[in-house]
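Visitor: For reference, the sequence and a predicted model appear below.
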Amino acid sequence: MPITKESIRIALTRVPHPVAGRDIVAAGAVKKIAYCDGYASVTIAGGGLHNDQLAGLRQQVNAAVRLHAQQAGEAIEDVHVEVTDERPTPTGPAAAGTGAGATGGPQAQQPPRTLPEVRHIVAVGAGKGGVGKSTVAVNLAVGLARRGHAVGLLDGDIYGPSLPTMLGLSAVEPVVIQGMIQPFAVHGLKVMTIGKLVDPEKPLIWRGPMAHGAFKQLTEQTQWGELDYLIIDLPPGTGDVALTMAQMLRLTGAVVVCTPQKVAQDDAVRAVRMFQQLGVEVLGIVENMSTFIADDIPAEQGGPREYDIFGRGGAQLMAQRLGLPFLGELPITVKLRENGDRGDPTANFTPGTALEKHLEGLVTNLENQVALASFRMGARTPTLTIS
C-alpha cells in the first residue's frame, strides 16, 4: 500500500476541522499535498482560526499523515504543515454548487446518523474462524462494563452466532416494543444476537443482500439507548458484513484477533488490510490461545505449567511488523472454556487468577487505544475505495 498524494488526502479525512463541523478535506481546508521519498507537505487554509486552533490542527495533520505511513508500512522522515491565511472552500453536498468533481479530490462523506447515542463503536474481527474472536469480544465487553461503562454487544456473526451460549441466553426470549427489539440485559451488557431470533438449529444461509439486510436490522432496529461502547463481534473473513458495517457506522476502530501460529497470521494480515482499506483504524492485535495453562499440577510440584501448543508471540511479532499496537495475550485455560460453555463470562474476572490479570490488561490497553483514536480521527465515515 504505497503512500500517494491521494492516500494522504484520504488519511486527512480523519482530522476534524476546528469550526466547520466536518473533516478538513470536506471543509475544503486542504489546499495542496506533496509527497516524495519519505517527505510529506500539506498546505492548509487556516483563515478565520485562532492560534490555538491552528496549533492543534497542525498537530493532528502531522499525526494523521504519520499514522497513515505507519499503517502503510513505509518510513516517513518529515511532515511539513504550512498554514495560509486563505479561507477554506467547502466541498461535497453541504456546499451549494460544489462537489468532489469540482476540486478533483475525493468527497468525504458526512458522519452517518446511525446510532448517534453510541460514543465508541469497536469491531472485533479476524481473518479466519476458530481463533477465539467471540471469546475476546465477549470478555472485552464484560471487562468494560465492570469498569462502569455502558456497554452494548452486537453479535454480528450472522452465520454462526455464539453469544446465546457464551452469555447464557437460552432461557430468555426477545421482546419487541413499538417495532424496536429490546436488547437482552445480561452480565451488565445490552446484547443482541440473531441466534435468539431464529430457530437454534436452523442453518443460516445468506446471500450478500440478505447478509446486509440482517446486519442492518440487528443494528438499527435494536433499542440500544445511550452507550459508551458498542462491541461488534464480526463473522470471520473479509466479506459482506464487514463492508456493510463500515458503510453504515462511524467506527472508532477495530481489534484483530490472531493465534500465534503462522497460518493464522496470514489471514489476520488480510483482516488488517481490509480495515485499513475501509478507512477503519486498527486499534490493536490480540493474541488468543497464546499458551495453555494446565492447572492439574499442584504448586508444590511446580504447577501450574504452561504449554505453547500453537507457539507463542507470533501475533505480537506480526503487530510489530505492521506497526500496530499489541493489546495483549489471552491463554487457554480450563476455566475459560467452562465459563464460556455455561454462559458465565463474568466468572473469568475472578480476582487473583491469571485469567483475570490477562483480561484486565486487554481492557486497559483497549481503553487507551480508543482514547488515542478518538483524538486522532475525529468525526469521520470510513469509505471504500475499489481499484
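Guide: Sure, I can see it.
Visitor: Tell me how far the spatially most central residue of the chain lies from residue 70.
Guide: With distances taken as Cα atoms, centre = their mean, residue 254 lies nearest the centre of the chain, 1.7 Å away. Taking Cβ to Cβ, to the nearest Å as the measure, residue 254 and residue 70 are separated by 16 Å. Where you see a C-beta, it was placed from the backbone N, CA and C, and this is true even at glycine.
Visitor: who's the residue nearest to the centre of the chain bridged to?
Guide: Partner residues in beta bridges with residue 254: residue 123, residue 282, with DSSP bridges as the criterion.
Visitor: so what's it up against?
Guide: With contact set as Cβ atoms under 8 Å, 6 or more residues apart in numbering, residue 254 has these partners: 122-125, 275, 280-283.
Visitor: closest to residue 164 among those residues?
Guide: Of all these, the one with the least separation from residue 164 (Cβ to Cβ) is residue 124, at 17.4 Å.
Visitor: Show the model's pLDDT score for the closest residue to the closest one other than its chain neighbours.
Guide: Take residue 124 and drop its neighbours on the chain: the residue closest to it by Cβ to Cβ, 6 or more residues apart in numbering is residue 137, 4.0 Å away. The model reports residue 137 with a pLDDT of 95.
Visitor: I figured residue 137 hits residue 229, correct?
Guide: No. Under the criterion of Cβ atoms under 8 Å, residue 137 is not in contact with residue 229, lying 11.3 Å apart.
Visitor: For the two, work out which one has more neighbours and name it.
Guide: Just comparing residue 137 and residue 229: by other Cβ atoms under 10 Å the higher neighbour count belongs to residue 137, 29 against 23.
Visitor: Would you mind finding the longest helix in this structure?
Guide: Scanning the chain for the helix with the most residues, using DSSP state H, yields helix 354-377.
Visitor: Show me the contact partners of that one.
Guide: Residues lying outside helix 354-377 but in contact with it, judged by Cβ under 8 Å, 6+ apart, are 14, 60, 63-64, 67, 120, 122, 136, 139-140, 143-144, 147, 229, 252-253, 255, 281, 283-284, 286, 293, 304, 325, 327-331, 333, 335-336, 348-350.
Visitor: need the contact list for residue 236.
Guide: Residues near residue 236 by Cβ under 8 Å, 6+ apart: 125-131, 133, 157.
Visitor: any idea how far it lies from residue 340?
Guide: Taken as Cβ to Cβ, the spacing of residue 236 relative to residue 340 amounts to 17 Å.
Visitor: next one: residue 16
Guide: Look at residue 16 and residue 340: by Cβ to Cβ, they are 40 Å apart.
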